[in-house]
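Asker: Generate a structure from the sequence data that follows.
(chains A and B)
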Amino acid sequence: MTPSPPATGAGADAPRPGGTGPVLHVEDLSVRFRMPAGRYVEAVTGATFTLAPGESLALVGESGCGKSVLASALLGLLPGNAETAGSARLADGLDLLAADERTLARTVRGRRVGLVPQSPAAHLTPVRTVRAQLEETVRELAGPGYAGHATEAPEAPEAGTGPAAGGRGTSSGASDRPARRGRRHRLAALRAAARAAAGRAAFPASHLDRHPHELSGGLAQRAATALALVGDAPLLLADEPTTGLDRDLVERTVDELRAHTRADGRALLMITHDLAAAERIADTVAVMYAGRIVEIAPAGAFFGSPGPRHPYARGLLDALPERAFTPVPGAPPELGALPPGCAFAARCAAADPLCRTRLPALTEGVACHHA
Amino acid sequence: MLELDDITAGYDRRAPAVRGAHLSLYPGESLGLLGPSGCGKSTLARVAALLHRPDRGTVTLDGRTVTGFFHRAPRSLRTAVGVVFQQPRLAADPRLRLRDLVAEPLRATGRRTEAGPRVAELAERVGLGADLLSRRPHEVSDGQLQRACLARALVLRPRWLVCDEMTAMLDASTTAALVAVVEDYRAETGAGLLAVGHDPVLLDRWCGRTVHWNEIVKH
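Answerer: Model prediction:
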């Protein structure tokens, strides 16, 4: 599929996952939004999970359950009225929640955490070609070798044999070359690196000069994936990457994401409401309800036998057209007015007075008094 | 009957999105139309909903040949078809509260006085609470907004429903809930349904009959 070997690491000083420790360790992460009149909306409460190298975790739940807020928190993209607690540590110990904007902008986004966006057609800049956007991303993320103002020129790689993505390590001392020749080399290297980046995401080189609106949904998704892979980030965050795609495309997209995760020892956090996509990609499934992770289980056990243990997770699976096709009765509670006990009690057939008054803790992978 | 006969339609006469499509629905029938993304099925759905004028071919609705489309469609035909689109965000006026969004077809046809009880009844049917009805689209989730869009499609009691990827953006539970609302409405009124989508499992479960795109267009 990909003709070239992966790039040899970004020029940025992002460390690769060590192979032993987790890529991401989220501990007791909470996000709440301060609203007018001293009210709070508890969007995420006490989320705890770990992502190992090569692991794919699917975070599933109804729309409005707090999944996307969790993703925004990991990228430092929360609005000003958000308050966070807990920690989200990368392999090198950096706490994403405590990092300042400068650190996040210069060393995290794109470099240590790559984002595969929802609706790529809207994520890409509509007035610029895919090539222009890829080259810009390579220039920004892959070190000074490609920047116009750099003092050293990297060796021009042969087209199609993979980029010498790092400026510093791979550049030859070229101070004796005329400056113009150096610039031409840098441009050629940049072009080749952008082509290679497109190739890694199986984006056809023939479509590089197209604008986003000239791409089908699947190709736009690949273009966005290519952009997310440029920085060679050890953690990929995919926020509803398959929404609105048809079944064949969903399967291809998740298979490709899975391959990028497995092959290079990355970790993938996929946020989705598409259970079929989750089943296809995930090693681990985390079910979120009303801002809390109510069940976290190996994907095989969750989708197969013995099946989910939390009644909400069971209801969600039963709603699938290939299963009972019956909705979970009722509606999720407002995140600004959560009940004192289990948030699912009002919709749960097994609820008793204990459920309504005491919040079940997440023990052995499930937060239910009756599991 | 809703009949589409030899429909060619698109946005550029030299490269039509749909070529020579045939489709017929009997009253009360539910038909699923399956096709990959980009095949032109949404364009055909728009033709069936009288929202897009075909370049060629005829649309016959309950025995009347349709001569005008979109704003040129006669009101008696236009109000006979309810439509739900894929993306509720793009199909809802962001300035309207959900209550007014659902009531808009009544207002547009000069039946504003019926709005109060009818909106309340439909809100209950699609599962929207009273506090949600007074919110605007940016204050609700995709699933809640699609519930409102479905209520809007039902508010004039159409004889036909066109659901173009109605559930593509929704989670499994909301999907099952909205399909149940459509089926309850159909059981009660005998309305016909054209459901367009790409998920064979869903359409087989939902519709009495499914056809694939390749079976209805000319090659």
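Asker: At the contact with chain B, which residues of chain A appear?
Answerer: By the rule Cβ under 8 Å from any Cβ of the partner chain, the part of chain A lying against chain B is A:61-64, A:216-218, A:243-249, A:273, A:275, A:315-317, A:319-322, A:325-328, A:331. Placement of C-beta: from N, CA and C, glycine included.
Asker: Try it again at 6 Å.
Answerer: Listed as neighbours of chain B in chain A under the rule Cβ under 6 Å from any Cβ of the partner chain: A:62-64, A:216-217, A:243-244, A:246-247, A:273, A:275, A:316, A:319-322, A:325-328.
Asker: Quick one: buried ones out of those residues?
Answerer: When these are checked for burial by 16 or more other Cβ atoms under 10 Å in any protein chain shown, the buried set is A:62-64, A:217, A:243-244, A:246-247, A:273, A:275, A:316, A:319-321, A:325, A:327-328.
Asker: taking these one by one, which sit in helices?
Answerer: Counting by DSSP state H, the part of those found in helices is A:Gly217, A:Arg247, A:Leu275, A:Leu316.
Asker: what's the most distant pair in these?
Answerer: Spatial extent of these (Cβ to Cβ) is set by the pair A:Gly217 and A:Leu316 at 25.3 Å.
Asker: just the strands in the stretch 1-150 of chain A please.
Answerer: A:24-34, A:40-51, A:56-60, A:82-90, A:113-116 (DSSP state E, counting those that start in this stretch).
Asker: what's in contact with the longest one?
Answerer: Contacts with strand A:40-51, where a contact means Cβ atoms under 6 Å, 6 or more residues apart in numbering or on different chains, come from A:22-33, A:35, A:57, A:66, A:69-70, A:267, A:286, A:291-293, A:335-336.
Asker: Considering only the stretch 51-200 of chain A, name the residue that lies closest to chain B.
Answerer: A:Gly64 (3.6 Å; Cβ to the nearest Cβ).
Asker: Need the nearest residue in space to that residue, chain neighbours excluded.
Answerer: Leaving aside its chain neighbours, A:Gly64 sits nearest to B:Ser141 (3.6 Å; criterion: Cβ to Cβ, 6 or more residues apart in numbering or on different chains).
Asker: I'd say the one you found and A:Glu62 touch.
Answerer: No - counting by Cβ atoms under 6 Å, B:Ser141 does not reach A:Glu62; the two are 7.9 Å apart.
Asker: With adjacent residues omitted, what lies nearest to B:Pro27?
Answerer: Residue nearest to B:Pro27 in three dimensions, not counting chain neighbours: B:Gly192, with 5.6 Å by Cβ to Cβ, 6+ apart.
Asker: Where does the residue nearest the centre of chain B sit: helix, strand or coil?
Answerer: Chain B has B:Val83 as the residue nearest its centroid, 2.2 Å off, counting by Cα atoms, centre = their mean. Classification of B:Val83 using DSSP: H, G, I helix; E, B strand; the rest coil returns strand.
Asker: ok, so what distance separates it from B:Gly197?
Answerer: Per Cβ to Cβ, to the nearest Å, B:Val83 is found 14 Å from B:Gly197.
Asker: For chain B, what lies in contact range of chain A?
Answerer: Residues of chain B lying close to chain A (Cβ under 6 Å from any Cβ) are B:36-38, B:141-143, B:168-169, B:171-173, B:176-177, B:198-199, B:201-202, B:205.
Asker: Just the ones in strands from the residues you listed, please.
Answerer: Among the residues of chain B next to chain A, DSSP state E puts none in strands.
Asker: Scan chain B for its longest helix.
Answerer: If each helix of chain B is counted by residues according to DSSP H, the longest one is helix B:172-189.
Asker: Outside of that one itself, list whatever touches it.
Answerer: Around helix B:172-189, the neighbours that count as contacts under Cβ under 6 Å, 6+ apart are A:275, A:316, A:319-320, A:325-328, B:125-126, B:143, B:150, B:154, B:167, B:206.
Asker: picking that back up, only whichever of the contacts of strand A:40-51 are buried, select them in PyMOL.
Answerer: Selecting only the buried entries of those in PyMOL, with 16+ other Cβ under 10 Å as the criterion:
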select buried, chain A and resi 22+23+24+25+26+29+30+31+32+33+57+66+69+70+267+286+291+292+293+335
